[in-house]
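J.: All I have is the shape, not the residue letters:
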């Protein structure tokens, strides 16, 4: 089928517009992956035009891989998950897009991640990467916990761990906090010798920069560093509390997803560790499930439908 | 003298290049203020060209007020205090300036603040405004503690208190932290009803925005709010510890300066409260003292001399 596929109305594109890359998957009615594509940043919060380009480009790559002409884009229905579309301002800007597809179903990045993790069914996800957030989708009701961005929110995220670590290292280097292994680990990673060099290195940096320093906390904590252990506990306790609150909604499954999960797992509460199930599929496949569910529920009357 | 003053080599301009405004003062050899000027932002860290313009414009205003022609700028020696010039990169960019004055003596904003607070003599200052920093100048040796910028440093500053408050209010609104009066105080001040509106309001905002929320902490703390009290103690304890470390250098005087001082004072340690002396003059007057001391010590051989 791969090189002579024809869109017959049953093909669906699923797209996950993430902060660093945008991933697309083209699936047949029987859930066979026909093609995949990856393009640049797809998060409209950090650049709307870039996000639209990345969504379109990742979709075209998936079509090309499936042997389908670019012009067929106009005949294909798309499910798209984007960060921030639960906020009124970002929702409005996306809604005004003259997109190149047959129809778009727009969801949050969280909903498609959860649908992906639970094969299209109800469930909850704890996302810990550069940011952090909790989400559940149970009986057609979405619940979002946390998030709120850097530096004011996203507790227990990579950026949060990195920022807390930098704060503590600066206190240590000034002689106003205990000097522990965390200082040496961070100085080595950033190749800085003192607080002036560290200050210059981190000044004005975005969340993604601080997230790359999260590993300093876990390296130092594993070596028994008391400050790093305290930071690891504070972040992980928050994530565990957020998960417990989500579990009170009784999602059938709950999964931990995102790049920080492996480092964070040992620090989570035993209750959460025991409750976690492995994610079954990717967010972009979740976007396909989302579009398919909404085609059935809502029909194809509108070119851009939103069910968040 | 005011309307027929002539520069005779003994007049000195003192300039304080702050983050929101740049202040200049023109003083005679016997410390009479002949003119003053205020221009836009003068901190080169946030815009070099803007800072240069503000320095020149504030100086021209001071000359005008003294009845001195703008062309005389080239015959007047200037003491300038600027944030960040202790960092190599910022130092280099300022050093390359083809300035319009006879001679510039360049110092950190901290050194001119300390010289102003202590009438040109040795001493220490604790600066708490949008940012926070400790500084002492004793026996021609400068010591800087803290600073390091937002959000990673500047503990106990306005921006730090505002950020900690927003963090706690977001936790409360998510049901993952105690709900206290701090929530209501901040919701009223920012005119927001829930965590989504608060998130949108604070996303991507600079330190100056968060500093405007510091008062929420002190209002709620005065009303007995336990979370606000805990934040106030943590910030003030850091400032007290920083001051105690500076006092171990034995500065003859120590002063608390900056816009947050009045709110912070009741929370400081008794030791620091008892040690504090009122600042005697402004940072721009301190810049005049600085220039005068260095004219005597170094002569006028170089058009741009730095003694930080």
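T.: Arrived safely. Since this is a predicted model, take the numbers as computed values, not measurements.

J.: can you pull out the helices in chain A?
T.: Assigned by DSSP state H, chain A shows helices spanning A:48-65, A:88-95, A:109-117, A:158-173, A:181-190, A:195-202, A:207-211, A:214-222, A:226-247, A:261-264, A:270-275, A:283-298.

J.: Residue A:14 is in contact with residue A:27, correct?
T.: Yes: counting by Cβ atoms under 8 Å, residue A:27 sits close enough to residue A:14 to count as a contact (6.7 Å). Heads up, the C-betas are built off the backbone N, CA and C, glycines and all.

J.: any residues in contact with both of these two?
T.: The contact sets of residue A:27 and residue A:14 overlap at A:285, A:288 (Cβ atoms under 8 Å, 6 or more residues apart in numbering or on different chains).

J.: out of the two, which sits in the busier spot?
T.: The residue with more neighbours, out of residue A:27 and residue A:14, is residue A:14; 33 against 26, by other Cβ atoms under 10 Å in any protein chain shown.

J.: and the end-to-end length of stretch A:44-52?
T.: The first residue of stretch A:44-52 is 8 Å away from its last residue (Cα to Cα, to the nearest Å).

J.: Next, count neighbours for the residue nearest to residue A:176 when sequence neighbours are not counted.
T.: Leaving out its chain neighbours, the residue that sits closest to residue A:176 by Cβ to Cβ, 6 or more residues apart in numbering or on different chains is residue B:241, at 5.6 Å. For residue B:241, the neighbour count with other Cβ under 10 Å is 22.

J.: And the one 4 residues further on, by the same measure?
T.: With neighbours defined by other Cβ under 10 Å, the count for residue B:245 comes to 18.

J.: ok, back up a step: quick one, which of the helices of chain A is packed in tightest?
T.: Mean neighbours per residue, mean count of other Cβ atoms under 10 Å in any protein chain shown, is largest over the helices of chain A for helix A:109-117, with a mean of 28.

J.: you'd agree residue A:194 is up against residue A:173?
T.: Yes: counting by Cβ under 8 Å, residue A:194 touches residue A:173, with 6.2 Å between them.

J.: give the contact list for the closest residue to residue A:24 other than its chain neighbours.
T.: In this structure, residue A:24 finds its nearest non-sequential neighbour in residue A:58, 3.7 Å apart by Cβ to Cβ, 6+ apart. Contact analysis of residue A:58 by Cβ under 8 Å, 6+ apart lists A:15, A:22, A:23, A:24, A:37, A:38, A:39, A:42.

J.: again, only using 10 Å
T.: Going by Cβ atoms under 10 Å, 6 or more residues apart in numbering or on different chains, residue A:58 touches A:13, A:15-17, A:21-25, A:36-40, A:42, A:284.

J.: Return a ChimeraX selection command for the buried portion of the residues you listed.
T.: Filtering the contacts of residue A:58 down to the buried ones (16 or more other Cβ atoms under 10 Å in any protein chain shown) takes a single ChimeraX command:
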select /A:13,15,16,17,22,23,24,25,36,37,38,39,42,284
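
J.: List the ones among the contacts of residue A:58 that fall in strands.
T.: With DSSP state E as the criterion, strands contain A:13, A:15, A:16, A:17, A:22, A:23, A:24, A:25, A:36, A:37, A:38, A:39 from among those.

J.: Identify the bridge partners of the second one.
T.: Spelled out, it's residue A:15. On the basis of DSSP bridges, residue A:15 is bridged to residue A:24, residue A:80.

J.: was I right about it contacting residue A:77?
T.: No: Residue A:15 is beyond contact range of residue A:77, at 11.4 Å (criterion: Cβ atoms under 10 Å).

J.: list residues touching both of these two?
T.: In terms of Cβ under 10 Å, 6+ apart, residue A:15 and residue A:77 are both contacted by the residues A:101, A:104, A:288, A:291.

J.: Check whether the second one really touches residue A:74, as I assumed.
T.: No: using Cβ under 10 Å, residue A:104 is not in contact with residue A:74; the gap is 12.0 Å.

J.: quick one, which of those two is more surrounded?
T.: Each of residue A:104 and residue A:74 has its neighbours counted (other Cβ under 10 Å); residue A:104 has more, 23 against 11.

J.: and residue A:73, how far is that from residue A:13?
T.: Remark: distance between residue A:73 and residue A:13 (Cβ to Cβ, to the nearest Å) = 9 Å.

J.: Quick check: neighbours shared by the two?
T.: A:7, A:59, A:63, A:101, A:102.

J.: Adding distance to residue B:142 and pLDDT as columns, could you present the residues you listed in a markdown table?
T.: Below are these laid out as a markdown table (distance: Cβ to Cβ, whole Å; pLDDT from 0 to 100):
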| residue | distance to residue B:142 | pLDDT |
| --- | --- | --- |
| A:7 | 71 | 56 |
| A:59 | 59 | 97 |
| A:63 | 64 | 97 |
| A:101 | 62 | 94 |
| A:102 | 67 | 93 |
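
J.: Need the residues you listed in JSON lines (columns: distance to chain B).
T.: Converted to JSON lines, the shared contacts of residue A:73 and residue A:13 look like this (distance: Cβ to the nearest Cβ, whole Å):
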{"residue": "A:7", "distance to chain B": "38"}
{"residue": "A:59", "distance to chain B": "28"}
{"residue": "A:63", "distance to chain B": "35"}
{"residue": "A:101", "distance to chain B": "28"}
{"residue": "A:102", "distance to chain B": "31"}
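
J.: what's the spacing between the residue of the stretch 1-150 of chain A found nearest chain B and residue B:282?
T.: Per Cβ to the nearest Cβ, residue A:148 is where the stretch 1-150 of chain A lies closest to chain B, at 4.6 Å. Counting by Cβ to Cβ, the separation of residue A:148 from residue B:282 is 40 Å.

J.: ok, those two, which is more surrounded?
T.: residue A:148 (26 against 19).

J.: The more buried one contacts residue B:194, correct?
T.: No: under the criterion of Cβ under 10 Å, residue A:148 is not in contact with residue B:194, lying 11.4 Å apart.

J.: Now the common contact residues for those two.
T.: The contact sets of residue A:148 and residue B:194 overlap at B:173, B:174 (Cβ under 10 Å, 6+ apart).

J.: where does chain A dip in pLDDT?
T.: A:1-9, A:298-308 (pLDDT under 70).

J.: Return the residue of it that is most distant from the centre.
T.: Going by Cα atoms, centre = their mean, the residue of chain A most distant from its centre is residue A:175, 37.8 Å out.

J.: Stretch A:36-48 near chain B at all?
T.: Yes: with Cβ under 10 Å from any Cβ of the partner chain as the criterion, chain B is reached by stretch A:36-48 at A:45, A:46.
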